[in-house]
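Peer 1: Let's see this in three dimensions:
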Amino acid sequence: MLFDFGFISLRWIWVALTIVFALIEVFTMGLTTVWFALSALVMVFLSFLNIPLAAQILIFLGIAALLLVFTRPLAVKKFKTGTEKTNVDSLIGKHALVIKGIGEFEKGEVKLNGQIWSARSEDNAEIREGTICEVIRIEGVQAIVRPLPDTIEN
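Peer 2: Got it, this is the predicted structure:
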């Protein structure tokens, strides 16, 4: 063995790092430390060769960086991490019923998912009571809406 830390050889340190990085990934699910775990696993096998410690560390960092840069975007896309809409974001694109008319300079109210929301139109246009609208965005506690084309009254 080229390099020993007392009673522990370098390959056991790479095994320990593999386990530590894998555990961090399990608890964070960020698809970041998994690449370091895989790199450390490769280093377990490369540690059987007569490679100096500094070179092993550089190889480890190089493999991890390559995996992180080239495979993480594919994995994130495949597993769709962080794309689930929650809370207010889940309301965007939903339909709402105007229950109190919205004026050019006056807020109205819409019923959205069974709740009453203060609302204003996207372009400050007037929207009559009974019109079905689409939620464009949420600003604070106010829904910004636009009428659906097939529900606009003349």
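Peer 1: Go through the protein and flag its longest helix.
Peer 2: When every helix of the chain is counted residue by residue (DSSP state H), the longest turns out to be helix 53-79.
Peer 1: quick one: contacts for the closest residue to Lys100 other than its chain neighbours?
Peer 2: Taking CB to CB, 6 or more residues apart in numbering, and ignoring the residues beside it in sequence, Lys100 has Glu109 as its nearest neighbour in space, at 4.0 Å. (Glycine included, C-beta is placed from N, CA and C.) By CB atoms under 8 Å, 6 or more residues apart in numbering, the contact set of Glu109 is 98-100, 116-119.
Peer 1: Could you rerun that using 6 Å?
Peer 2: Applying CB atoms under 6 Å, 6 or more residues apart in numbering to Glu109 gives the contacts 99-100, 116.
Peer 1: and if you look at Leu31?
Peer 2: Counting by CB under 6 Å, 6+ apart, Leu31 makes contact with 72, 75-76.
Peer 1: Turn these into CSV, columns for neighbour count, distance to Val141 and pLDDT.
Peer 2: Rendered in CSV, the data for the contacts of Leu31 read as follows (neighbours: other CB atoms under 10 Å; distance: CB to CB, whole Å; pLDDT from 0 to 100):
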residue, neighbour count, distance to Val141, pLDDT
Arg72, 15, 37, 78
Ala75, 13, 37, 78
Val76, 15, 32, 75
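Peer 1: Closest one to Val135 out of these, please.
Peer 2: Distance ranking of those against Val135, using CB to CB, places Val76 first at 27.4 Å.
Peer 1: Could you check how far that closest one is from Asn113?
Peer 2: Between Val76 and Asn113 the distance, using CB to CB, to the nearest Å, works out to 29 Å.
Peer 1: buried residues in the longest helix of the chain?
Peer 2: 56, 60, 63-64, 67-68 (16 or more other CB atoms under 10 Å).
Peer 1: Of these, which one scores lowest on pLDDT?
Peer 2: Of all those, the one the model is least sure of by pLDDT is Leu68, with 86.
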